[in-house]
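In: compute the structure for the input listed below.
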Amino acid sequence: MAGVTEREIWQQPEAWEWVLDHAPARIEALKDSVQAGEFVFCGCGSAYNVGLACAAAFRACGIQARAETSSEAYLYSDPSRPWRGRTVVAMSRSGETSETVMALRQAVAQGARGIAVTCDPKSALARAAPASLILEPLNEQSVITTKSVSGMIVAALLAADMLAGSPSPDTALVRRLPEKGRDVLQRAEEVCQRAWDANMIRQCAFLGSGPLWGVANEARLKMQEMALVMSEAFPTLEFRHGPMAQCGPHMMVVAMLSGAAFELEVDVLRHLAGLGARVLAICEEATPELNQVTEFIVEQKSGLPCHMRQVLYLPPAHLLALRAAASRGLDPDSPPHLVRSVILG
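Out: Below you'll find the predicted structure:
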């Protein structure tokens with residue numbers, strides 16, 4: 001019988017459909033709450049990784065954006081980049097994460113426009129924000145975040161499209177995501193079962209560059225949370241500059257391949273496979289060269305540009321972490337030491 005976390009992983013396409021149907025009107029209502037200038041996405045843990053992905057989506061649409069962890073934004077804000085003139089988007093599933101609430105309050109007090117993105121309209125973050133994007137159906141029972149994370153990224157894709165002046169967000173390419181998400185989940189299930197070798201693998205490296213850096217970090221975090229496997233994330237080509245010293249049959253490399261640097265990234269994987277690493281590639285479409293490098297490939301076949309399909313890289317990573325957890329006798333529904341909201345004090 002599937003646990004709560006597993007069920008929520010499979011519910012992601014349905015959650016994206018809700019976002020596509022209901023978020024546009026809510027985003028439209030927030031347009032007066034933003035101002036020209038840079039968007040700063042703030043969050044902790046998964047919400048920070050979401051911020052990295054959201055910032056990439058905004059930049060792809062020509063909108064200035066970056067992401068910061070909430071604690072860094074609160075404690076170590078750069079005096080050369082004042083908050084005034086910026087829009088701070090504070091993200092938290094529960095809306096109770098202490099550092100995120102503090103960062104939003106401080107930024108607004110110093111002249112920023114503030115928007116909360118959360119699943120709880122009664123949360124501390126929603127109460128502290130001048131404006132909010134509430135995504136209630138994305139909330140999960142599980143401690144581990146899956147559909148809330150990917151759903152927030154889909155909302156950001158819509159928002160970027162709308163803020164960039166697209167004439168018809170209702171017909172945007174992003175509306176293909178639920179159907180493609182279901183396809184990717186089906187293809188990934190069998191591949192992840194075959195790829196994970198519990199007798200060999202002791203650590204993971206997640207590779208992703210450009211618009212895929214955020215989702216690579218989130219995939220790394222899911223493996224750590226669900227399966228307690230030592231995991232790191234790197235920009236793909238950077239892995240050769242030192243970290244590949246760790247390569248061997250004990251390591252799994254999960255590569256999120258882009259379009260812009262596909263050939264260079266495949267060359268990296270060829271090298272890592274030659275060092276004995278077990279390689280799983282997630283990509284838009286496999287080539288003969290990639291098939292020579294690894295037998296473990298999850299194709300998206302989405303027809304979408306890289307920044308739009310970044311969310312499609314997460315479900316395979318979730319299923320891989322589930323498989324790893326099961327092989328180690330762990331229950332993702334009860335991750336050790338973790339709680340739904342980190343509240344200081």
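In: C-alpha only now, for contacts and for neighbours.
Out: Fine.
In: and E232, what element?
Out: strand 230-234 (DSSP states H and E).
In: can you give the contact residues for that strand?
Out: Residues outside strand 230-234 that contact it (CA atoms under 8 Å, 6 or more residues apart in numbering) are 202-209, 213, 216-217, 220-221, 223-224.
In: show me what it pairs with in its sheet, parallel or antiparallel.
Out: strand 203-208 (parallel) (DSSP bridges).
In: packing partners for the following helix or strand past the strand holding E232?
Out: Using DSSP H and E, the next helix or strand after strand 230-234 towards the C-terminus is strand 251-256. Strand 251-256 sits against strand 203-208, strand 278-283, with contacts defined as 3 or more CA pairs under 8 Å, 6 or more residues apart in numbering; DSSP states H and E.
In: which other residues reach the helix ranked longest in the chain?
Out: Counting by DSSP state H, the longest helix found in the chain is helix 177-195. For helix 177-195, contacts defined as CA under 8 Å, 6+ apart pick out 10, 12-14, 16-17, 278, 280, 296-302, 309, 312, 315-316, 319-320, 323.
In: now do the buried residues in the strand holding E232.
Out: Neighbour counts over strand 230-234 (16 or more other CA atoms under 10 Å) mark 230-234 as buried.
In: for H250, list the residues it contacts.
Out: Taking CA under 8 Å, 6+ apart, one finds 200-203, 277-278 in contact with H250.
In: look up the closest residue to it, ignoring the ones flanking it.
Out: Nearest residue to H250 in three dimensions, chain neighbours excluded: I201, at 4.3 Å (CA to CA, 6 or more residues apart in numbering).
In: hang on, V311 is in a helix, isn't it?
Out: Yes. Secondary structure of V311 (DSSP: H, G, I helix; E, B strand; the rest coil): part of a helix.
In: how close does it sit to L75?
Out: 30 Å (CA to CA, to the nearest Å).
In: re the thing from before, so which of the contacts of H250 wins on neighbours?
Out: R278 (26 neighbours; other CA atoms under 10 Å).
In: show me where the protein has helices.
Out: 4-10, 12-28, 46-60, 70-75, 98-109, 124-128, 147-163, 177-195, 213-227, 262-274, 288-293, 306-309, 314-327.
In: quick check: buried residues in the last one?
Out: So the one you mean is helix 314-327. For helix 314-327, by 16+ other CA under 10 Å, it's 314-325.
In: can you lay out those residues as a markdown table showing distance to S334?
Out: What follows is the buried residues of helix 314-327, written out as a markdown table (distance: CA to CA, whole Å):
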| residue | distance to S334 |
| --- | --- |
| L314 | 21 |
| P315 | 20 |
| P316 | 21 |
| A317 | 19 |
| H318 | 16 |
| L319 | 17 |
| L320 | 17 |
| A321 | 14 |
| L322 | 13 |
| R323 | 15 |
| A324 | 15 |
| A325 | 11 |
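In: which residues does the spatially most central residue of the chain contact?
Out: The chain has V215 as the residue nearest its centroid, 3.8 Å off, counting by CA atoms, centre = their mean. V215 sits next to 49-50, 52-53, 208, 310-311, 313-314 when contact means CA under 8 Å, 6+ apart.
In: just to revisit the earlier point, buried ones only from the contacts of strand 230-234, please, as a PyMOL command.
Out: A single PyMOL command selects the buried members of the contacts of strand 230-234 (16+ other CA under 10 Å):
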select buried, resi 203+204+205+206+207+208+209+213+216+217+220+221+223+224
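In: return the member of the contacts of strand 230-234 nearest to L138.
Out: Distances from L138 to the contacts of strand 230-234, taken as CA to CA, are shortest for L221 (19.1 Å).
In: contact partners for the closest one?
Out: Contacts of L221 (CA under 8 Å, 6+ apart): 45-46, 231.
In: just S150 next, same as before
Out: Taking CA under 8 Å, 6+ apart as the test, what S150 contacts is 12, 16, 50, 311, 314.
In: now the first one: how far from E96?
Out: When distances are taken as CA to CA, Q12 and E96 turn out to be 23 Å apart.
In: for the fourth one, same thing?
Out: Plainly put, V311 is 25 Å away from E96 if you go by CA to CA.
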